[in-house]
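# Test case, fold it:
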Amino acid sequence: MAAMADALSTLGASFITFFSIVNPIGSALIFDRAVADLSRSARRRLAQHIALLSGVIVVVATVAGSDILHVLGIRLDALRVAGGLVLSAQAWRLIGHAAASGRHDGSVAARGALVPLTMPLTIGPGTIAAAISLSAAAAASPHALVHLGAVLLAALLLTALIAVTYGNASRVVDLLGKNGSCAAVQLSAFVLLCIATEMVLQGLRNALSPDSGPA
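Numbering: from 1, shown residues only. This is a model prediction of the structure:
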């Protein structure tokens, strides 16, 4: 019973973290402008493709990210700090209306599904860092497999949400309106900034701890 409660807590925390970093609603607003010349059916197919690619990247980062870092000789705490700094910069730009003004002013063909629509628009270094960090935290818990399953389930829920928001991006824009879109982006950006700050603090706290050893 306690394991299930912890797993639900991990699921909720992981999903909120992924949601705040990816910001599927805010990203959908940019996606809508980037694919303005595509038909509605083409947009939906592209949205599903992006969601699938995003899910694969997050799952791989969750399952094998720590091993990849070990091979590269990068400490997890260093990734936390670096990812937190990247997220902080991204959040600050969003708060300053940079995302609302749009980084993409033209249409993007379907061949851009991986770059730039999946990376870095949807899944960036911060998301990957968060996935690895959540996986490491799950591995350190008493019920590691249950917690890892909760993180993976959160990644799958994120994948479904990306498919829905991107596939209905034009409706999201119409529903929120100009002011509502700006408010949604700024609110998500503030939560993202808080998460980024926590990532940096956790990385620095672990790195500067007397018990901290070499990678």
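# Return the set of buried residues in the biggest helix by length in the chain.
In the chain, taking DSSP state H as the definition, the longest helix is helix 169-207. Within helix 169-207, the residues scored as buried using 16 or more other Cβ atoms under 10 Å are 169-170, 172-173, 176, 181-182, 184-189, 191-193, 195-196, 199-200, 202-203. For every residue, glycine as well, the C-beta is placed using N, CA and C.
# quick one: least confident helix or strand in the chain?
Of all helical and strand segments in the chain, the minimum by mean pLDDT, DSSP states H and E falls on helix 98-101, at a mean of 46.
# So what's the gap between the next helix or strand along the chain from that helix and the chain middle?
Remark: after helix 98-101, the chain's next helix or strand is helix 125-139, criterion DSSP states H and E. In terms of Cα atoms, centre = their mean, to the nearest Å, the gap separating the centre of helix 125-139 from the centre of its chain is 10 Å.
# packing partners for the longest helix of the chain?
Secondary-structure packing of helix 169-207 (3 or more Cβ pairs under 8 Å, 6 or more residues apart in numbering; DSSP states H and E): helix 2-22, helix 24-34, helix 40-72, helix 76-95, helix 98-101, helix 125-139.
# Which of these sits closest to Met119?
Nearest to Met119 among the helices and strands packed on helix 169-207 is helix 40-72 (7.2 Å), distances taken as Cβ to Cβ.
# In that closest one, which residues are buried?
Neighbour counts using 16+ other Cβ under 10 Å place 43-44, 46-51, 53-55, 57-59, 61-63, 65-66, 69 of helix 40-72 among the buried residues.
# Check stretch 143-151 too.
So for stretch 143-151, counting by 16+ other Cβ under 10 Å, buried means 143, 147-148, 150-151.
# Just name the closest of the residues you listed to Ala89, please.
Using Cβ to Cβ, these come closest to Ala89 at Val151, 25.1 Å.
# The strand or helix carrying that closest one vs helix 125-139, what angle?
With elements taken from DSSP H and E, the one containing Val151 is helix 144-167. Put simply, helix 144-167 runs at 150 degrees to helix 125-139, going by axes from the mean of the first three to the mean of the last three Cα atoms, to 10 degrees.
# so Ala207 makes contact with Leu76?
No. Contact criterion Cβ atoms under 8 Å: Ala207 and Leu76 do not qualify, at 9.6 Å.
# how about the CA coordinates for stretch 42-60, as PDB?
C-alpha atoms of stretch 42-60 as PDB (Å, rounded to 0.1, in the frame of the first residue of the first chain):
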ATOM      1  CA  ALA A  42      -1.200  17.000 -42.300                       C
ATOM      2  CA  ARG A  43      -1.000  18.900 -39.000                       C
ATOM      3  CA  ARG A  44      -2.500  16.000 -37.100                       C
ATOM      4  CA  ARG A  45      -0.200  13.500 -38.700                       C
ATOM      5  CA  LEU A  46       2.800  15.700 -38.000                       C
ATOM      6  CA  ALA A  47       1.600  16.200 -34.400                       C
ATOM      7  CA  GLN A  48       1.400  12.400 -33.900                       C
ATOM      8  CA  HIS A  49       4.900  12.000 -35.400                       C
ATOM      9  CA  ILE A  50       6.400  14.600 -33.100                       C
ATOM     10  CA  ALA A  51       4.600  13.100 -30.100                       C
ATOM     11  CA  LEU A  52       6.000   9.700 -30.900                       C
ATOM     12  CA  LEU A  53       9.600  11.000 -31.300                       C
ATOM     13  CA  SER A  54       9.300  13.000 -28.100                       C
ATOM     14  CA  GLY A  55       8.100   9.900 -26.200                       C
ATOM     15  CA  VAL A  56      11.000   7.800 -27.500                       C
ATOM     16  CA  ILE A  57      13.500  10.400 -26.500                       C
ATOM     17  CA  VAL A  58      12.100  10.800 -23.000                       C
ATOM     18  CA  VAL A  59      11.800   7.000 -22.400                       C
ATOM     19  CA  VAL A  60      15.400   6.400 -23.600                       C
END
